[in-house]
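Chemist: Pasted the sequence and its predicted model underneath.
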Amino acid sequence: MTDPTLHDLLCRRAFLGRSAFGLGGLAATLLTQGASARSPQDPAPPWRLPTAKAKRVVVVFLSGGLAQHDLFDEKPLLVERRGEELPPSIRKGERITGLTERQGALPVVGSKFEFQNYGKSGLRMSELLPNLGEVADDLLLVRSLQTDHVLHEAAMTILFTGTPLLGRPSWGAWSSYALGTGTGNLPEFVVLLSNPDPATPLHPRLWHNGFLAGRHQGVPFRGGKEPVLFVKSPAGIDDKARARQLAAIKELDAREAARSGDPDAEARLAAFETAAKMQTSVPELADLSQESAETLEEYGAEAGKESFASNCILARRLLERGVKFVQLCDAGWDHHFNIPKVLPRKCEQVDKPTAALIRDLKRRGMLDDTIVVFAGEFGRTPYCEGPLAFDSYGRDHNALACSVLVAGGGFKGGLAWGKTDDWGWSATEDIVHVHDLHATILHQLGLDHQKLTVRAQGRDFRLTDVGGKVVGGLLA
C-alpha cells in the first residue's frame, strides 16, 4: 500500500480512533450515560421529597478515628476493671486489627479524663470539650454508630462514598448533583484541609465525583492568600488578555462538546466558567480581615494564618454564599499511643472553633437549615494498645462502636441516642449504621436516598448502596 492517506484511514490505530471516537470515548459514554441522562434541574426529579428541613451540610471530619471512651461514651466499668482482659464473651470473636492481635492480651482501660453534664439537657461529655458543651442543647450525640471496616482507608471511603470500593461518587458529589446549582460564583462542593498528617493522608477520592459529571467534584481550598491554586492570573497577564484566553478556550470546548458529545468537554467548559467567576469571588471570600475582632476571637482564628479555626470561619462564609456541601477535614486523630498527652492537644484545636461555628450559624439564622456533622471514620477500642499506664495508653480501631455529633437541620438537640455495652466494645441499642446516617441526612435535605440513583456500568448506584434507613428518632 503506497497511498499514505489510504493507509491512515485503514490502519488499526486509525480505525480504533475513528470508531465511536475511540475506545476511550466509548468507555466514557458507557460510564456517564446514567449521570447525564437525568438532570437535577428537571422540574420534578424522582428523588425530591415534598419538604426539606435543610439546604446545606458541613461535615467536620476528624481523620484517624475518635476515641469515644475519652470523649463521648463514659464507661465506669473500664475504670473499675482497668488492666483486666476484655472478656471473650463480650468480644464474641469479632475481628480486631493485627496491631493489638500481636500483643497477645487485650487489657481494658478507662479514660483518664472526667465527664460532666452540659447544658439544660445534661448531655454527658468529656471535660476536653468544654466549648462544645456550651452548645450541648443544640447537639445530637449518637453513641451507637457502626461501620463496616477497621482499616482507615476502607472506613474513610465507606463514610464518604458508602462503600469501600473505589471509583464511586462522594457524599458531597451526590449532594451537589441532587440539590442542583448554587450561586455559580463558587463550586457547590468545597473541601477545607487543616493540620496535615503524613501518617494519615487524605485521599482525593473522599471528595471525588466518581461517574457523576466533573462539576460535582469537591474543590479543595487551602489556607493563606491563595485558597485555590491557579485561579489567579499569571504574572504579566492582565484581565483583558485573560478574558480573551478564556473566551477562546470556551469556544474550543463548546465545539468539542457539540462534535463529540463528550461529557468531559462539557465539564471542562463548566470548570473554566466557574474558575473565571472565582477570580473575583474567592479573594473576597478568603479575606478574613473583614471579620470583626470579636468573631475572630470567638473562633480562635487569626486573619491570614492557616488553621482549623480559620477554616471554620471560611466554611461559614462559603455557606452564606450558596455552597451546598463543605467538607472540613482535620488530620491527626489516629491515637494508638499516649492518648493522655495527644488527645487534649487535638481537642483544643477543634473544640472552640466548632462550637463557634454552631453558635455563629444559629445567631445568623442558618443553623435551622444547615446540618453540621462531627465525626471520624470509626471509633476506638475499650482495651489498651501499647504500654498501659495512667499517663500513657492508646486505643486500636473499632468499627462496632463509634460516636458522632450532629447539629441543626431539623435534628434533635440535647439528645444522646443509642447505647453500647458496659465494656464499650459494641453498640447494643438503637444502632445507627453509617448508611442510616447518610439516609437520614439526605432525608433532611429533601432527598429520598433510595431514589437518588444513577445508572453506570450496567447497574444503578446510590450513596447508601443497598442499605440505609431514615432514623426518625433522631429528628425533631
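Modeler: Structure's in. What do you need?
Chemist: Flag the shaky bits of the stretch 51-200 of the chain, pLDDT-wise.
Modeler: 181-183 (pLDDT under 70).
Chemist: Tell me where it has helices.
Modeler: Secondary structure of the stretch 51-200 of the chain (DSSP state H, counting those that start in this stretch): helices at 68-71, 76-80, 88-91, 98-101, 130-134, 152-161, 171-179.
Chemist: Quick one, which of these gets closest to Q245.
Modeler: helix 171-179 (27.2 Å; C-beta to C-beta). All C-beta atoms are positioned from the backbone trio N, CA, C, and that covers glycine.
Chemist: That closest one to helix 152-161, inter-axis angle?
Modeler: Put simply, helix 171-179 runs at 10 degrees to helix 152-161, going by axes from the mean of the first three to the mean of the last three C-alpha atoms, to 10 degrees.
Chemist: Now for L400, how many residues are close by?
Modeler: Close neighbours of L400, defined as other C-beta atoms under 10 Å, add up to 24.
Chemist: tell me the pLDDT at it?
Modeler: pLDDT for L400: 97.
Chemist: can the helices of the stretch 51-200 of the chain go into CSV with extra columns for distance to Q327 and mean neighbour count?
Modeler: Below are those laid out as CSV (distance: least, C-beta to C-beta, whole Å; neighbours: other C-beta atoms under 10 Å):
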stretch, distance to Q327, mean neighbour count
helix 68-71, 21, 26
helix 76-80, 33, 14
helix 88-91, 34, 12
helix 98-101, 28, 13
helix 130-134, 19, 20
helix 152-161, 8, 23
helix 171-179, 6, 26
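Chemist: Tell me which of these lies nearest to I339.
Modeler: Nearest to I339 among the helices of the stretch 51-200 of the chain is helix 68-71 (6.1 Å), distances taken as C-beta to C-beta.
Chemist: nearest to F113, of the helices of the stretch 51-200 of the chain?
Modeler: For the helices of the stretch 51-200 of the chain, proximity to F113 was assessed by C-beta to C-beta; helix 68-71 is nearest, at 5.6 Å.
Chemist: tell me what the closest one is packed against?
Modeler: strand 123-126, helix 339-363, strand 379-389, strand 402-407 (3 or more C-beta pairs under 8 Å, 6 or more residues apart in numbering; DSSP states H and E).
Chemist: Put together JSON lines for these, with mean neighbour count and distance to E306 on each row.
Modeler: Shown next, in JSON lines, are the helices and strands packed on helix 68-71 (neighbours: other C-beta atoms under 10 Å; distance: least, C-beta to C-beta, whole Å):
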{"stretch": "strand 123-126", "mean neighbour count": "23", "distance to E306": "27"}
{"stretch": "helix 339-363", "mean neighbour count": "20", "distance to E306": "12"}
{"stretch": "strand 379-389", "mean neighbour count": "23", "distance to E306": "28"}
{"stretch": "strand 402-407", "mean neighbour count": "26", "distance to E306": "24"}
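Chemist: Comparing those, which yields the minimum mean pLDDT?
Modeler: When the helices and strands packed on helix 68-71 are ranked by mean pLDDT, strand 379-389 comes last with a mean of 93.
Chemist: for V79, what are its contacts?
Modeler: Applying C-beta atoms under 8 Å, 6 or more residues apart in numbering, we find V79 in contact with G110, S111.
Chemist: related to what we said a few turns ago, could you export the helices and strands packed on helix 68-71 as JSON lines, including distance to K112?
Modeler: Below are the helices and strands packed on helix 68-71 laid out as JSON lines (distance: least, C-beta to C-beta, whole Å):
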{"stretch": "strand 123-126", "distance to K112": "10"}
{"stretch": "helix 339-363", "distance to K112": "5"}
{"stretch": "strand 379-389", "distance to K112": "10"}
{"stretch": "strand 402-407", "distance to K112": "18"}
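Chemist: So for L99, which of those sits nearest?
Modeler: Nearest of the helices and strands packed on helix 68-71 to L99, taken as C-beta to C-beta: strand 379-389 at 6.2 Å.
Chemist: What are the buried residues along the helix or strand just after that closest one?
Modeler: Using DSSP states H and E, the helix or strand that follows strand 379-389 in sequence is strand 392-398. Neighbour counts over strand 392-398 (16 or more other C-beta atoms under 10 Å) mark Y393, G394, R395, D396, H397, N398 as buried.
Chemist: Is it correct that the second one is in contact with E385?
Modeler: By that I understand G394. Yes: if you go by C-beta atoms under 8 Å, G394 and E385 touch, sitting 4.2 Å apart.
Chemist: what residues do the two have in common as contacts?
Modeler: H336, F337.
Chemist: What count of nearby residues applies to the closest residue to A199 other than its chain neighbours?
Modeler: Of all residues not flanking A199 in the chain, D334 sits nearest, at 6.4 Å (C-beta to C-beta, 6 or more residues apart in numbering). D334 sits with 20 neighbouring residues when counted by other C-beta under 10 Å.
Chemist: any idea which helix or strand carries D334?
Modeler: D334 belongs to no helix or strand when elements are defined using DSSP H and E.
Chemist: can you pull the contacts of it?
Modeler: D334 makes contact with S63, G64, G65, H152, D197, A199, T200 under the criterion C-beta under 8 Å, 6+ apart.
Chemist: What does the pLDDT read for it?
Modeler: With respect to pLDDT, D334 scores 96.
Chemist: Relative to D369, how far out is it?
Modeler: 34 Å (C-beta to C-beta, to the nearest Å).
Chemist: ok, now G184?
Modeler: Going from G184 to D369 by C-beta to C-beta gives 20 Å.
Chemist: same check, this time on S260
Modeler: Distance from S260 to D369, by C-beta to C-beta: 40 Å.
Chemist: which of those two has more neighbours?
Modeler: Higher neighbour count among S260 and D369: D369, with 18 against 15, using other C-beta under 10 Å.
Chemist: out of the contacts of D334, which is most surrounded?
Modeler: Within the contacts of D334, G65 tops the neighbour count with 29 neighbours, counted by other C-beta under 10 Å.
Chemist: Any chance of the backbone angles for that residue?
Modeler: Per-residue torsions, G65: phi 100, psi 120 (degrees, to the nearest 10).
Chemist: and it, what is it in contact with?
Modeler: Residues near G65 by C-beta under 8 Å, 6+ apart: 152, 155, 333-335, 376-380, 397-398, 402.
Chemist: which pair in those residues spans the largest distance?
Modeler: Greatest spatial distance among the contacts of G65 (C-beta to C-beta): A155 and H335, at 15.2 Å.
Chemist: In contact with L388, which residues are there?
Modeler: G83, P107, V109.
Chemist: Please repeat the previous calculation with a cut-off of 6 Å.
Modeler: Residues in contact with L388 (C-beta atoms under 6 Å, 6 or more residues apart in numbering) are P107.
Chemist: Can you tell me the closest non-neighbouring residue to R215?
Modeler: Closest to R215 by C-beta to C-beta, 6+ apart is A270, at 4.6 Å.
Chemist: Just say helix, strand or coil for the one you found.
Modeler: For A270, the assignment made with DSSP: H, G, I helix; E, B strand; the rest coil gives helix.
Chemist: Could you report the neighbour count for it?
Modeler: 16.
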